[in-house]
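>>> based on what follows, work out the 3D shape:
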Amino acid sequence: MEEKESILKQKYLFADLHIHSKYSRACSKDLTIGNLAKWAKIKGIDILGTGDFTHEKWLVEINDKLEDNGKGILVLKSGDQSVKFIFSGEISLIYTQNGKGRRIHFVLLAPNLETVKKINQFLDSKGRRDYDGRPIFGFSAVTLAQEMRKISEDIEIIPAHAWTPYFGIFGSKTGFNSLKEAFGDEEKYIHAIETGMSSDPEMNWRIKSVENKTIVSFSDSHSFWPWRIGREATIFSEFDSYKDLIKQIRENKILGTIETDPAYGKYHWDGHASCKFSCSFEETKKLKGLCPKCGKPLTIGVEYRVEEISENPRGYIPTWGKPFWKILPLHEVISLKTGASLASKKNWVVYDELIEKFGNELNILLRVSNEEFLRENVDVTLVNLILENREGRIKVIPGFDGEYGVASIGIVSSKNEDKTENINPVQKKLF
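From the prediction side, this is the model:
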C-alpha cells in the first residue's frame with residue numbers, strides 16, 4: 001500500500017491506449033475526438049490512443065482535430081491540452097499455424113502520421129481496411145512483427161486482451177501456449193502484453209513466457225462513457241514524447257496499472273451464456289468440461305486457461321512486477337448504493353456531484369481521503385463503498401462466455417447460480 005501511495009505522489013500520467021472509433025463494429029456512433037477528449041478529462045485520463053488509425057475516415061477526423069507536437073504526441077487544435085493522444089489501432093489476424101486456426105488481436109502504436117500511412121500501405125497489400133475500424137488479415141504474428149520493423153523500429157506491437165478465449169494470444173480457443181510459439185525468433189521484439197479485463201498482472205506473473213515483459217492495461221473501450229473508457233489504464237512517469245512513452249514500455253519502467261477485478265471481465269469463468277450457467281475451473285474439471293444443462297463443451301475462460309499453462313504458483317510475485325490497483329468504475333460503485341441501473345438518471349446525479357466536488361473519477365477512486373469525502377458531506381455508505389473498492393474488496397459475480405461480471409454484496413460461490421446466499425461481513429457494515 002505504501003508503494004502505491006508513493007506512486008500517486010510522483011508526476012505521473014494515466015494512459016488508455018486501446019480504444020475504438022465509431023467506425024468499429026459494435027461501437028458507439030457518437031465516438032468523436034471531441035467526445036473522447038471530454039470524457040477522458042472527466043475520467044482522469046491524460047493520454048488516449050486514437051484507436052482505429054487503419055480506417056481512412058477516422059484518420060481524416062484525427063487529422064482534422066489533432067496536430068502533432070513535433071514529438072509524436074497529438075494535441076487538440078482547439079488549444080485544450082488537458083488530454084493528449086498518440087496514434088493507435090487494433091488489427092485482427094486470422095490464420096493457421098501448427099495445424100490450428102488462430103485468431104489473434106494486436107494493438108499497434110505508431111510514432112507519427114508518416115508511419116501510420118506506411119502501415120496502412122502494407123495492410124492494403126494484404127486486404128481491405130475500409131469495412132471496419134479493426135480490420136482482419138490472413139497473415140501471421142511472425143509476419144506482423146517482421147513487417148512492422150521494416151517500416152519503423154518505433155512501432156510497438158502489443159498482444160491485445162491476451163487471454164480472451166477467441167482472440168487472445170493465450171486464449172483457450174485459438175491462442176498459443178507461449179509468446180515464443182506465436183512469434184518465433186521475433187518474440188524478442190515483443191515488449192508487452194495487455195491483461196484484458198478477465199485477467200490481472202498477478203495472473204500473468206504465473207506465466208514464464210511473459211517474464212520481464214511489461215504488463216499493460218487499457219480499456220478496449222467501445223464508447224466514451226466513464227464506465228468504459230479508462231476502466232483499465234497504465235500509469236506512466238510523466239513524458240512529453242512518443243519515444244519516452246515507448247522507452248517506458250520497452251524497459252518495463254511503467255509505474256503500475258489500473259485493473260478491474262478480473263471477475264468483472266466477460267470471460268473470467270467458464271460457462272454457457274445461453275444456458276445461464278457458469279463455474280470456476282475446479283468445477284469445470286469435475287464436469288469434464290461439459291455443460292450440465294446442455295451437455296456441450298463449456299466456453300473455457302481465463303481463470304482455467306491460466307491454470308492450464310502456468311508454471312509459477314498462485315501468489316507468485318516477481319521482482320520485475322509492478323503495483324496495480326483493482327477497482328471497479330465509479331458508476332458500478334454508485335449502483336451498489338442506489339440499486340439503480342448503471343446509466344440511470346439517479347446514478348448520474350450522484351456521479352456529477354462527485355465530479356464537481358473532486359475533479360475527476362480516478363481522483364475519486366484512488367486519492368480522495370475519507371476526511372475529504374465527509375467534509376463535502378458525501379453519503380457515508382457511498383464513502384465506505386468507494387474506500388472498499390479502492391482496496392479491491394467489493395465482490396464480483398464472475399463474467400463468463402461474453403457476459404460481464406456483476407458487482408454484488410453477496411459472497412460468490414463456485415457456481416454462478418448461488419449469487420447472494422450469504423452476506424460478506426465487510427459489506428454488512430456498509431448497508
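
>>> the helices in the stretch 201-350 of the chain, which residues?
In the stretch 201-350 of the chain, the helices defined using DSSP state H, counting those that start in this stretch lie at 201-204, 242-250, 281-286, 302-309, 330-338, 345-358.

>>> the ones you listed: which one's closest to residue 372?
Proximity to residue 372 (CB to CB) singles out helix 345-358 among the helices of the stretch 201-350 of the chain, at 7.6 Å. Yep, even glycine has a C-beta here, placed from its N, CA and C like the rest.

>>> quick one: residue 279 from residue 341, how far?
Between residue 279 and residue 341 the computed distance is 27 Å (CB to CB, to the nearest Å).

>>> which of these two has more neighbours?
Residue environment comparison for residue 279 versus residue 341 gives the larger neighbour count to residue 279, 26 against 11, counting by other CB atoms under 10 Å.

>>> that one reaches residue 271, doesn't it?
Yes - contact status for residue 279 versus residue 271: in contact at 6.5 Å, counting by CB atoms under 8 Å.

>>> longest strand of the chain?
Across the chain, the strand with the greatest residue count (assigned by DSSP state E) is strand 84-97.

>>> CA-only coordinates of whatever helix or strand comes next after it in PDB, if you can.
Later in the chain than strand 84-97, the nearest helix or strand by DSSP states H and E is strand 100-110. What follows is strand 100-110, C-alpha atoms only, in PDB (Å, rounded to 0.1, in the frame of the first residue of the first chain):
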ATOM      1  CA  LYS A 100      -4.600 -25.000 -35.600                       C
ATOM      2  CA  GLY A 101      -6.700 -22.000 -36.600                       C
ATOM      3  CA  ARG A 102      -5.500 -18.800 -34.900                       C
ATOM      4  CA  ARG A 103      -7.500 -15.600 -34.200                       C
ATOM      5  CA  ILE A 104      -5.300 -13.000 -32.500                       C
ATOM      6  CA  HIS A 105      -5.800  -9.300 -31.900                       C
ATOM      7  CA  PHE A 106      -3.000  -6.800 -31.700                       C
ATOM      8  CA  VAL A 107      -2.700  -3.200 -30.600                       C
ATOM      9  CA  LEU A 108      -0.300  -1.100 -32.700                       C
ATOM     10  CA  LEU A 109       1.300   2.100 -31.500                       C
ATOM     11  CA  ALA A 110       2.900   4.400 -34.100                       C
END
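
>>> helices or strands up against strand 100-110?
Judged by 3 or more CB pairs under 8 Å, 6 or more residues apart in numbering; DSSP states H and E, strand 100-110 is in contact with strand 84-97, helix 113-124, helix 141-151, strand 156-159, helix 242-250.

>>> centre of the chain to the first one, how far?
Put simply, strand 84-97 sits 14 Å off its chain's centre (CA atoms, centre = their mean, to the nearest Å).

>>> for it, packing partners?
With contacts taken as 3+ CB pairs under 8 Å, 6+ apart, strand 84-97 sits against strand 47-49, strand 74-76, strand 100-110, helix 113-124, strand 136-137, helix 141-151.

>>> kindly report the same for the second one.
Other helices and strands packing on helix 113-124, by 3+ CB pairs under 8 Å, 6+ apart, are helix 56-65, strand 84-97, strand 100-110, helix 141-151.

>>> what does the shortest one give?
Strand 156-159 sits against strand 100-110, helix 141-151, strand 192-194, helix 242-250, with contacts defined as 3+ CB pairs under 8 Å, 6+ apart.
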